[in-house]
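In: 3D model of this:
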Amino acid sequence: MEALAHPRQRRKEARPAELMAAALELFVEKGFAGTRLEDVATRAGVSKGTLYLYFDSKEALFKAVIQEGIVPILEEGAGLIDACEGSTADLMRALIGEWWQRIGNTHLAGVPKLMISEAGNFPELAIYYHDAVIVRGRDLMRRTLQRGIASGEFRAVDVETAIDVIFAPVLMLVIWRYSLGMCCGMAHDPRDYLQSHFDLTLGGILAPPHPGVAR
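Out: A predicted model of the protein is given here:
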């Protein structure tokens, strides 16, 4: 993951992680269609033949970026839910915070915008991304909301709709960053934005206190 988010100086014989880091940079900069394997090899400091020792196509390279860069973070999120013994509000805060540190604040944040722009031209990649990332991400939030509702900490809500409502502002943040934000700047500090989003979300889903009980 570190190699994907912060690629180091390339060696003559780059490891697969370094090739994936170069690919991620170029996918975000040029799009999937606009990135050539020759470009990836050059960015990584190797020959195209060396790249083919590890990846036989651009599609395989993209899938490796997702599988090695994003999927492990989602799996760690599932472990965080399993191990949580505190409040669900704190759990949600931790999940959002980890997402920002590990994805939102790295080049991986450019992948959602990439998928939105390229899905129509590369439906097989879109399906792969949906199954590998979106389904897992929704499951994390589903489990979190269901946990809070079951404990009485959250009020009963339509969980599937709530997942979309919670995710939408987060996606807007990274889409802006890799579109209008590249020429117009960020409208808000991302940490302040996420804190406001978290506060507003909790304001909408926390169960009201029982009569006579201080909140």
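
In: Can you work out which other helices and strands pack against the helix or strand hosting R191?
Out: According to DSSP states H and E, R191 maps onto helix 190-205. With contacts defined as 3 or more CB pairs under 8 Å, 6 or more residues apart in numbering; DSSP states H and E, helix 190-205 has these neighbours: helix 88-99, helix 159-177. The way it works is simple: take the backbone N, C-alpha and C, and place the C-beta from them, glycine included.

In: Looking at the ones you listed, which is nearest to G77?
Out: helix 88-99 (5.7 Å; CB to CB).

In: Which elements pack onto that closest one?
Out: Judged by 3+ CB pairs under 8 Å, 6+ apart, helix 88-99 is in contact with helix 71-83, helix 135-151, helix 190-205.

In: Would you reformat the ones you listed as CSV and include distance to W99, mean neighbour count and mean pLDDT?
Out: CSV is the format used below for the helices and strands packed on helix 88-99 (distance: least, CB to CB, whole Å; neighbours: other CB atoms under 10 Å; pLDDT from 0 to 100):
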stretch, distance to W99, mean neighbour count, mean pLDDT
helix 71-83, 8, 14, 96
helix 135-151, 9, 17, 97
helix 190-205, 9, 15, 92
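
In: Let's verify A187: helix, strand, or coil?
Out: Assigned with DSSP: H, G, I helix; E, B strand; the rest coil, A187 falls in the coil class.

In: How much space separates the nearest residue to L145 once chain neighbours are set aside from S87?
Out: Excluding its sequence neighbours, the residue lying closest to L145 (CB to CB, 6 or more residues apart in numbering) is V159, at 5.0 Å. Using CB to CB, to the nearest Å, we find V159 at a distance of 18 Å from S87.
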